[in-house]
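>>> mind folding the following:
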Amino acid sequence: MAEKTGLGLKKETSGALAYVLGPITGVVFLVLDKDPFVRFHAMQSIVVFVGLFAIQWMLGLTIILAILVPLVGIVSFILWLMLIYKAWQGEEWEVPFVGKLVRQLVKKV
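As a prediction, this is how the structure comes out:
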């Protein structure tokens, strides 16, 4: 039988759902679920998508770099799909550059 989380869902389902609405569902699952697997994915969702939003916002402030905003959007979409898939498969895949930070933040929260 599959391992269930505090919300009554399989941990893989909860981990994948933590990414669905980016930081919004990340915060919800971080607060409501105590399973380490789910908390990792919830925190990673928050850190990654807030960071990508900030990058898009900063690039949009300059006319020259604004042409990169759609590229960041495409990369964000592909990353979003990949993170949902990895969580659904039961993997704790760390996004490069932020994975270690996410693990430290999960321990503190």
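>>> tell me the secondary structure at the residue nearest the centre of the chain.
Taking C-alpha atoms, centre = their mean, the centroid of the chain lies closest to residue 45, which sits 1.7 Å from it. Using DSSP: H, G, I helix; E, B strand; the rest coil, the structure places residue 45 in helix.
>>> which helix or strand contains the nearest residue to it once chain neighbours are set aside?
Nearest residue to residue 45, sequence neighbours excluded (C-beta to C-beta, 6 or more residues apart in numbering): residue 26, at 3.3 Å. To be clear about C-beta, it is placed using only N, CA and C from the backbone, and glycine gets the same treatment. Here residue 26 sits within helix 23-32, counting by DSSP states H and E.
>>> what helices and strands are in contact with that helix?
Judged by 3 or more C-beta pairs under 8 Å, 6 or more residues apart in numbering; DSSP states H and E, helix 23-32 is in contact with helix 11-17, helix 36-60.
>>> OK, contacts around the residue nearest to the centre of the chain?
By C-beta atoms under 8 Å, 6 or more residues apart in numbering, the residues touching residue 45 are 18, 19, 22, 23, 25, 26, 29, 83.
>>> can I get those in JSON lines with neighbour count and distance to residue 38?
Below are the contacts of residue 45 laid out as JSON lines (neighbours: other C-beta atoms under 10 Å; distance: C-beta to C-beta, whole Å):
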{"residue": "18", "neighbour count": "31", "distance to residue 38": "6"}
{"residue": "19", "neighbour count": "27", "distance to residue 38": "11"}
{"residue": "22", "neighbour count": "19", "distance to residue 38": "16"}
{"residue": "23", "neighbour count": "19", "distance to residue 38": "15"}
{"residue": "25", "neighbour count": "20", "distance to residue 38": "11"}
{"residue": "26", "neighbour count": "25", "distance to residue 38": "10"}
{"residue": "29", "neighbour count": "27", "distance to residue 38": "6"}
{"residue": "83", "neighbour count": "23", "distance to residue 38": "13"}
